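In: predicted model and sequence below, questions to follow.
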Protein chains: 2
Amino acid sequence: MSPAFESVLEQLKFNDDGLIPAIVQDHENGQVLMMAWMNRDAVIATVETKRCTFWSRSRQKFWIKGETSGHFQFVKRVAVDCDMDTLLVWVEQVGAACHENYRSCFFRDLDESGLTVNAERVVEG
Amino acid sequence: MSPAFESVLEQLKFNDDGLIPAIVQDHENGQVLMMAWMNRDAVIATVETKRCTFWSRSRQKFWIKGETSGHFQFVKRVAVDCDMDTLLVWVEQVGAACHENYRSCFFRDLDESGLTVNAERVVEG
């Protein structure tokens, strides 16, 4: 690991659980696909392997996105915000980002009248 | 408030501090501008007033984005994710979203060689 990358890792503000939120965005059309959490090792893996890797809070384990579903996220670019407490990752998304089989996890709009589904499920094969 | 909106507020998963992360995206070009945190009142204000409103964790106060800087975020659309624990807000951004005067808070790319500034500061007036 380069000293510069190591220095950034030192500066990143992980929360009390050792996690930092990562927004994942389609690199071609800008669609925000999901937000998930990374620990230090997941940040390193994401940058070095160029596959989105997270820490699953529900399963309490290291999680290479797509490992079981095939819905990998190939990393095109990563950015860090001004406060060093949030990451933005531009990806090439294979299939659906959402476990409910929508391309984006943000498939419901919210307004004063409640929720409205704004997308259709990805049909495969 | 409509019963449907109230029901969504009940379903939203606020963290132990009573906050939910909100990703803010430019509604025209898809640029992700920032991520900030909302408490229940801030979600209500954002949806009802159509101006992004947050809870400032550093200042521990209700925060109408742009109130002091003039850099308002006019809300075009709001979405909620599959897990009901993250919001996505599409906005018309006035000026710069970032307090460092970049349009987006994500003005530095991160790779194995460290950080690289990817944008120029917004020049005003």
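Out: Received the coordinates, thanks.

In: those helices in chain A, which residues are they?
Out: Using DSSP state H, the helices of chain A run over residues A:3-11, A:40-49.

In: is chain B within reach of stretch A:28-45?
Out: Yes: under the criterion of C-beta under 8 Å from any C-beta of the partner chain, chain B is reached by stretch A:28-45 at A:29-32, A:34-35. Every residue, glycine included, has its C-beta placed from N, CA and C.

In: show me what counts as buried in that stretch.
Out: Neighbour counts over stretch A:28-45 (16 or more other C-beta atoms under 10 Å in any protein chain shown) mark A:31-39, A:42-45 as buried.

In: surely residue A:33 is in contact with residue A:22?
Out: No: using C-beta atoms under 8 Å, residue A:33 is not in contact with residue A:22, being 10.9 Å away.

In: burial measure for residue A:120, as a count.
Out: 10 (other C-beta atoms under 10 Å in any protein chain shown).

In: need the contact list for it.
Out: By C-beta atoms under 8 Å, 6 or more residues apart in numbering or on different chains, the residues touching residue A:120 are residue A:102.

In: please redo it, this time with the cut-off set to 10 Å
Out: A:101-103, A:107 (C-beta atoms under 10 Å, 6 or more residues apart in numbering or on different chains).

In: filter those residues down to the ones in strands?
Out: Judged by DSSP state E, strands contain none of the contacts of residue A:120.

In: what's the overlap in contacts for residue A:33 and residue A:22?
Out: The contact lists of residue A:33 and residue A:22 share A:52, A:89, where a contact means C-beta under 10 Å, 6+ apart.

In: chain center to stretch A:20-39: distance?
Out: Centroid separation between stretch A:20-39 and its chain, computed with C-alpha atoms, centre = their mean, to the nearest Å, is 4 Å.

In: what's opposite the most centrally placed residue in chain A in the beta bridge?
Out: Closest residue to the average C-alpha location of chain A: residue A:24 at 4.0 Å, with C-alpha atoms, centre = their mean. For residue A:24, the beta-bridge partners are residue A:34, residue A:89 (DSSP bridges).

In: let's have the helices of chain A in a markdown table, adding mean pLDDT and distance to residue B:93.
Out: Listed next are those as a markdown table, based on pLDDT from 0 to 100; distance: least, C-beta to C-beta, whole Å:
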| stretch | mean pLDDT | distance to residue B:93 |
| --- | --- | --- |
| helix A:3-11 | 97 | 26 |
| helix A:40-49 | 98 | 27 |
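
In: any chance of those in JSON lines, plus distance to residue A:65?
Out: Supplementary listing: the helices of chain A in JSON lines, determined by distance: least, C-beta to C-beta, whole Å:
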{"stretch": "helix A:3-11", "distance to residue A:65": "20"}
{"stretch": "helix A:40-49", "distance to residue A:65": "9"}
